[in-house]
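Undergrad: Pasting a predicted model and its sequence here:
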Amino acid sequence: MDELRLDPFTRRWVVTGKRPVMPDAHNEGGACPFCPGNERQTPPAIRESRDASGAWTARVFHDRAPLFHVEGEANRRAEGMFDRMNSIGAHEIVVETPRHGATLAQLREEQISHVLELFRDRIIDLKQDRRLRYVSIFKNQFAPGSSYRGHAHSQVLGSPVLPQLLEVELRWSREHFQKHDRCIYCDALQQELSQEERLVDQNSEFVAFCPFGSPWSYELWIVPVHHASSFENDMGAPERRKALAPFLKTCLRRVEMISPCFHLVIHTEPNLQAWKPDENWWKSVPDDYHWHIEIQPDVEGRRSFLGTEGFHFNPIPAEQAALILRALEPDDLAPSQS
Ligand SMILES: [Zn+2]
Ligand SMILES: [Zn+2]
Ligand SMILES: [Zn+2]
């Protein structure tokens with residue numbers, strides 16, 4: 001049985017153990033299981049959105065080789081100074097369109113809005129499970145190809161522990177709030193809006209900028225203008241999803257002109273209803289955290305660590321990356337597909 005182990009030196013959780021092999025993992029040229037007609041190759045849908053004719057336009061199902069399993073208890077246990085627990089949780093796939101080869105950026109705004117609604121739905125649904133402390137939504141976009149990797153999709157991970165990077169962000173945002181009585185992301189937004197040199201796009205609801213200390217070349221963040229710690233609560237109103245969809249689309253189209261491959265992740269607040277080690281566990285999160293989307297283009301040869309100690313080498317400063325991303329004309333790209 002695979003399990004979660006805590007590396008006590010870095011406080012980083014690792015899923016340890018064997019992951020089942022997906023039936024088509026070595027069959028790159030085979031039929032894509034995410035395409036319409038091949039639904040039987042995937043587990044049954046947990047959620048679907050459908051068009052007027054009844055055909056699905058986006059669907060969610062359990063991953064066929066999940067990293068986390070729904071059944072059982074976390075069963076946290078110590079072994080001397082070490083900690084381990086069962087890898088309970090959820091691992092789901094969101095197929096974002098029936099059209100093979102169309103990227104999220106190429107979908108119609110209305111379809112992107114449906115995908116955002118599914119993201120929100122999955123976070124809210126999984127956060128009902130008090131065993132789960134965090135729900136990650138992320139996407140690894142690969143270059144279009146015949147395998148499922150070329151079919152627009154995202155992954156959902158509901159985990160009984162906080163991912164290390166989230167914990168780091170939450171800690172430093174709390175520290176900033178305790179010192180200044182202000183949200184660190186709201187402060188950063190004000191500075192980016194006044195300096196302008198790292199801005200890529202903005203409207204009255206969202207701002208996109210290249211973060212000052214970007215570890216990845218052309219890294220782009222989308223941050224809501226008004227303070228909100230929870231993506232899923234903020235995206236509750238259809239107007240908010242309708243506002244984010246075209247903004248996200250334009251940002252992704254710019255990024256795709258730099259690289260067709262990228263990593264996208266939504267950072268939102270942890271599950272505040274989850275089992276807590278103490279009464280004050282991340283109590284101030286609604287004040288001091290601010291949800292955002294991080295997009296990290298996979299620019300060949302540029303996405304490199306300096307060794308394995310966490311130093312990054314980014315040859316393109318954020319100001320230069322923003323200048324290049326701003327100058328791109330996303331409207332020149334191929335028209336939207338359903
Ligand atoms: Zn496909
Ligand atoms: Zn804020
Ligand atoms: Zn973040």
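TA: Received, thanks. Ligands and ions are numbered 1, 2, ... in the order given.
Undergrad: Make sure Pro144 is actually in contact with Arg99.
TA: No - counting by Cβ atoms under 8 Å, Pro144 does not reach Arg99; the two are 10.7 Å apart. The way it works is simple: take the backbone N, C-alpha and C, and place the C-beta from them, glycine included.
Undergrad: At the contact with ligand 1, which residues of the protein appear?
TA: By the rule Cβ under 5 Å from the ion, the part of the chain lying against ligand 1 is 32, 34-35, 100, 151.
Undergrad: tell me the least confident of those?
TA: In terms of pLDDT, the lowest of those is Cys32, showing 90.
Undergrad: got any ranges where the stretch 1-150 of the chain has weak pLDDT?
TA: Scanning the stretch 1-150 of the chain for pLDDT under 70 picks out 1, 21-29.
Undergrad: Walking through it, point out its helices one by one.
TA: 109-126 (DSSP state H, counting those that start in this stretch).
Undergrad: circling back to that earlier point, neighbour count and distance to Ala327 added to the residues of the chain next to ligand 1, as CSV?
TA: Shown next, in CSV, are these (neighbours: other Cβ atoms under 10 Å; distance: Cβ to Cβ, whole Å):
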residue, neighbour count, distance to Ala327
Cys32, 20, 35
Phe34, 24, 34
Cys35, 17, 36
His100, 17, 32
His151, 24, 31
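Undergrad: Between those residues, which sits nearest ligand 2?
TA: The closest of these to ligand 2 turns out to be His151 (Cβ to the ion; 35.1 Å).
Undergrad: Which residue comes closest to that closest one once chain neighbours are left out?
TA: Distance criterion Cβ to Cβ, 6 or more residues apart in numbering; nearest residue to His151, sequence neighbours excluded, is Phe34 at 4.0 Å.
Undergrad: One more: Ile266?
TA: Using Cβ to Cβ, 6+ apart and skipping residues adjacent in sequence, the residue nearest Ile266 is Ile137, 4.5 Å away.
Undergrad: Go ahead and confirm His263 touches Phe138.
TA: Yes - with contacts counted by Cβ under 8 Å, His263 reaches Phe138, the gap being 6.9 Å.
Undergrad: For the stretch 201-338 of the chain, which residues score under the pLDDT cut-off?
TA: Counting by pLDDT under 70, the low-confidence segments of the stretch 201-338 of the chain come to 301-309, 331-338.
Undergrad: what ranges do the helices span in it?
TA: 231-234, 238-258, 285-288, 318-327.
Undergrad: Just tell me which of the ones you listed ends up closest to His91.
TA: Smallest distance to His91 across these (Cβ to Cβ): 18.3 Å, for helix 231-234.
Undergrad: contacting residues for Glu205?
TA: Contacts here follow Cβ atoms under 8 Å, 6 or more residues apart in numbering; on that basis Glu205 touches 224-226, 240, 243-244, 247.
Undergrad: again, but for Asn203
TA: Contacts for Asn203 (Cβ under 8 Å, 6+ apart) come out as 243, 247.
Undergrad: Next, find the distance separating it from ligand 1.
TA: Shown here: Asn203 relative to ligand 1, a distance of 33 Å by Cβ to the ion, to the nearest Å.
Undergrad: quick one: contacts for Arg122?
TA: 47, 60, 92, 94, 135, 137, 156.
Undergrad: one more time with 6 Å
TA: Val156 (Cβ atoms under 6 Å, 6 or more residues apart in numbering).
Undergrad: and what of Ala45?
TA: Counting by Cβ under 6 Å, 6+ apart, Ala45 touches 59, 61.
Undergrad: And whatever residue of the chain ends up closest to ligand 2, how close does it get to His292?
TA: Scanning the chain for the residue nearest ligand 2 gives Cys183, at 3.0 Å (criterion: Cβ to the ion). Taking Cβ to Cβ, to the nearest Å as the criterion, Cys183 is separated from His292 by 11 Å.
Undergrad: And for Tyr148?
TA: 28 Å.
Undergrad: So for the two, which residue has more residues nearby?
TA: Comparing Tyr148 with His292 by other Cβ atoms under 10 Å, the one with more neighbours is Tyr148, at 26 against 22.
Undergrad: And the contacts of Glu205, which of them are buried?
TA: Listed as buried from these are 224, 240, 243-244, 247; burial here means 16 or more other Cβ atoms under 10 Å.
Undergrad: Just the closest of these to ligand 1, please.
TA: Nearest to ligand 1 among these is Leu244, at 25.4 Å by Cβ to the ion.
Undergrad: if we can go back for a sec, in strands, which of the residues of the chain next to ligand 1 fall?
TA: Mapping those onto strands (DSSP state E) picks out no residues; all lie outside.
Undergrad: Run a quick neighbour tally on Arg64.
TA: 18.
Undergrad: Sorry, wrong one. I was asking about Ala327.
TA: For Ala327, the neighbour count with other Cβ under 10 Å is 9.
Undergrad: For the contacts of Glu205, give me TSV that also has distance to Val161.
TA: Shown next, in TSV, are those (distance: Cβ to Cβ, whole Å):
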residue	distance to Val161
Pro224	26
Val225	31
His226	30
Arg240	29
Ala243	33
Leu244	28
Phe247	32
